[in-house]
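Peer 1: From the sequence below, what's the structure:
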Amino acid sequence: MPKQVDSRLVLGFESSDDAAVIELDEHRYLINTVDFFTPIYNDPYVFGQIASANALSDIYAMGGTVLNCLNILSFPSEVDEKVISEILRGAYDKVIEANGVIAGGHTISTDHIIYGLSVNGFVEKSKLKTNSGAFPNQKLILTKKLGTGIYAKEINLNKDASDCQEVITSMITLNKKASEIMHKYRVSAVTDVTGFGLIGHLCEIAQASNVSITVYMDTLPLFDRTRELALIYPNGGMKRNFSHFGKHVQIDERINTQANINILFDPQTSGGLLIVIDNNDAEELLNELHNEGINAARIIGETDILTDKFIKVK
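Peer 2: Below is the predicted model of the structure:
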């Protein structure tokens, strides 16, 4: 599609950023995003929470505050209305937690359930974060554990297991607090890790910022059985991500295993923020995240001058 030019449009789809950004007034930008998918968990209330947290995350990745949302919902006519009510109630509770408001929406009839949100937020111009601000010799912090795509089947089969509950809790946790904390530090680029997996979103930062990124495999925060389940539950998303982004990645031969590849390219649902920060601020930000209960946060790598590959995994 041709690029549409408008003096008010600050960010569109050309930079693969998390949301569209429109100039609102002299001091603020309007942030607009949309996300929806089919149920990944068989409890409709929890699914509504997950879908809502996932859609809201793009606002936080841009450094913004949630304003209002619209429901996007499709379902078969034979579905029990209580199921639909619980999905909407789960989303409502998360939007309330985000200090936002659901102002309506739209429904259609389909042969399966789809739910998500269109979300508006705003951000002070000086606080806008994008994926294009990274420069060499910075650290990367990831705020949530990896493996939600790998666990997608397991959380429905073994939902009472402690590690499965941890995965669910992670997916329904807003990135609001992490976003608020990062504004205190010299953060130059941010994105959230969702459908393109860790490598896909790292590639977007590297390409938009014209840098290379080194990731250290043994520093990645993983759920307890992410590595074990990575070979049991490969999914189509990780294969598509590998096909699209694999050419930009160099994996050290000592760790170039199928399990590691599956983890790196696993599509995430409601994943954490990926924060690029000045070296001198990285440990302090990490400590504050931990002190505020974001215990999964880890320094996972660093940026460098651009080489022949956007991403190197060691």
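
Peer 1: Can you report how many residues lie near residue 76?
Peer 2: By the criterion of other Cβ atoms under 10 Å, residue 76 has 10 neighbours. All C-beta spots, glycine's among them, are computed from the backbone N, C-alpha and C.

Peer 1: what's the distance between it and residue 85?
Peer 2: Distance from residue 76 to residue 85, counting by Cβ to Cβ, to the nearest Å: 15 Å.

Peer 1: Residue 313 now?
Peer 2: 44 Å.

Peer 1: Please identify which of those two sits among more neighbours.
Peer 2: More crowded of residue 313 and residue 85, by other Cβ under 10 Å: residue 313, with 23 against 13.

Peer 1: Run through the residues that contact the nearest residue to that one once chain neighbours are set aside.
Peer 2: Once flanking residues are discounted, residue 313 sits nearest to residue 251: 4.5 Å by Cβ to Cβ, 6 or more residues apart in numbering. Taking Cβ atoms under 8 Å, 6 or more residues apart in numbering, we find residue 251 in contact with 260-261, 264, 312-313.

Peer 1: quick one, phi psi at residue 251?
Peer 2: Main-chain torsions, residue 251, degrees, to the nearest 10: phi -110, psi 130.

Peer 1: all strands of the stretch 101-250 of the chain, in order?
Peer 2: With DSSP state E, counting those that start in this stretch as the criterion, the stretch 101-250 of the chain has strands at 101-109, 114-124, 138-142, 187-192, 211-215, 249-251.

Peer 1: who wins for proximity to residue 278 among those?
Peer 2: Nearest to residue 278, of all the strands of the stretch 101-250 of the chain, is strand 138-142, at 6.1 Å by Cβ to Cβ.

Peer 1: So which elements touch the closest one?
Peer 2: Applying 3 or more Cβ pairs under 8 Å, 6 or more residues apart in numbering; DSSP states H and E, one finds that strand 138-142 makes contact with strand 273-278, helix 279-291, strand 298-305.

Peer 1: swap the cut-off to 6 Å and go again
Peer 2: Applying 3 or more Cβ pairs under 6 Å, 6 or more residues apart in numbering; DSSP states H and E, one finds that strand 138-142 makes contact with strand 273-278, strand 298-305.

Peer 1: could I get it in CSV with only the CA atoms?
Peer 2: Output in CSV follows, covering the C-alpha atoms of strand 138-142 (Å, rounded to 0.1, in the frame of the first residue of the first chain):
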residue,chain,number,x,y,z
GLN,A,138,23.5,0.1,25.5
LYS,A,139,21.9,-2.6,27.6
LEU,A,140,18.6,-4.5,26.9
ILE,A,141,16.2,-5.3,29.7
LEU,A,142,13.3,-7.8,29.3
